[in-house]
Structures are given as C-alpha cells and as structure tokens.
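In: Requesting a structural model of the entry that follows:
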Amino acid sequence: MPRAALVTVRHGPARRRGLPLNGASRLQGLRAVLQADGHQLVMEEIPDWNSVELVVNGETVFRCNINDLDFGKYKVLFIAVSC
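Out: Got it, this is the predicted structure:
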C-alpha cells in the first residue's frame, strides 16, 4: 500500500447468529493499524449487511463478509485468505 494513503473502510451493519451488531465496532483493530501506519482513514457506512470494503486512493482493493474476518486475542485483525 502506498505511504500515507487515503483509505476508506466501507462497512454495513453486521449480523452474527441472528443478532444485529454495529459493523464499525468490529473494525476497531483495523482502524488502529491503518492510523498507526500513517494512513488517512475514512469510515463510511453502506446499506449492505455484513459487508466490508477497503478502498485505497479511490480503488477498491478488498471486499468480504465481515463475519469472515479473524480477530486475534487483542482485537488485532487478521484477514482470512478465504474472503
């Protein structure tokens, strides 16, 4: 990823085991890592349930179901290859 990129994290509401969740709260680790690396971050809500997209400098580089993301012990995000 380019240095100091403009990264837009587009996320919809999430549902896990039938219960609604705030999609943004599940992405705190990703937000922390991107900001620590010096990227400008924009969090954008979209209407698509369980959806997450990363847009870097205007180009969509990643898209998956938020429930397919793996989170470590300290809420660090590990992106699963299956997404």
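In: which residues does Gly58 contact?
Out: Leu6 (C-beta atoms under 8 Å, 6 or more residues apart in numbering). Heads up, the C-betas are built off the backbone N, CA and C, glycines and all.
In: what's the spacing between it and Ala5?
Out: Gly58 sits 10 Å away from Ala5, going by C-beta to C-beta, to the nearest Å.
In: for Glu53, same thing?
Out: From Glu53 to Ala5 the distance is 15 Å (C-beta to C-beta).
In: Could you do Arg63 as well?
Out: Distance of Arg63 to Ala5, given as C-beta to C-beta: 17 Å.
In: Neighbour count: these two, which is higher?
Out: Neighbours of Arg63 and Ala5, each counted by other C-beta atoms under 10 Å, are more numerous for Ala5; the result is 17 against 13.
In: buried residues in the helix or strand where Ala32 lies?
Out: Remark: Ala32 resides in helix 28-36, with elements defined by DSSP states H and E. Across helix 28-36, burial judged by 16 or more other C-beta atoms under 10 Å covers Gly29, Leu30, Arg31, Leu34.
In: and if you look at stretch 40-60?
Out: For stretch 40-60, by 16+ other C-beta under 10 Å, it's Asn50, Ser51, Val52, Glu53, Leu54, Val55, Val56.
In: In TSV: those residues, plus secondary structure and pLDDT.
Out: Formatted as TSV, the buried residues of stretch 40-60 follow (DSSP: H, G, I helix; E, B strand; the rest coil; pLDDT from 0 to 100):
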residue	secondary structure	pLDDT
Asn50	coil	86
Ser51	strand	89
Val52	strand	91
Glu53	strand	94
Leu54	strand	93
Val55	strand	96
Val56	strand	96
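In: now, which of these sits nearest Pro13?
Out: Pro13 has its nearest neighbour among those in Asn50, at 7.9 Å by C-beta to C-beta.
In: host element of Arg63?
Out: Per DSSP H and E: strand 59-65 holds Arg63.
In: just checking, what packs against that strand?
Out: With contacts taken as 3 or more C-beta pairs under 8 Å, 6 or more residues apart in numbering; DSSP states H and E, strand 59-65 sits against strand 51-56.
In: Nice, that's everything, thank you.
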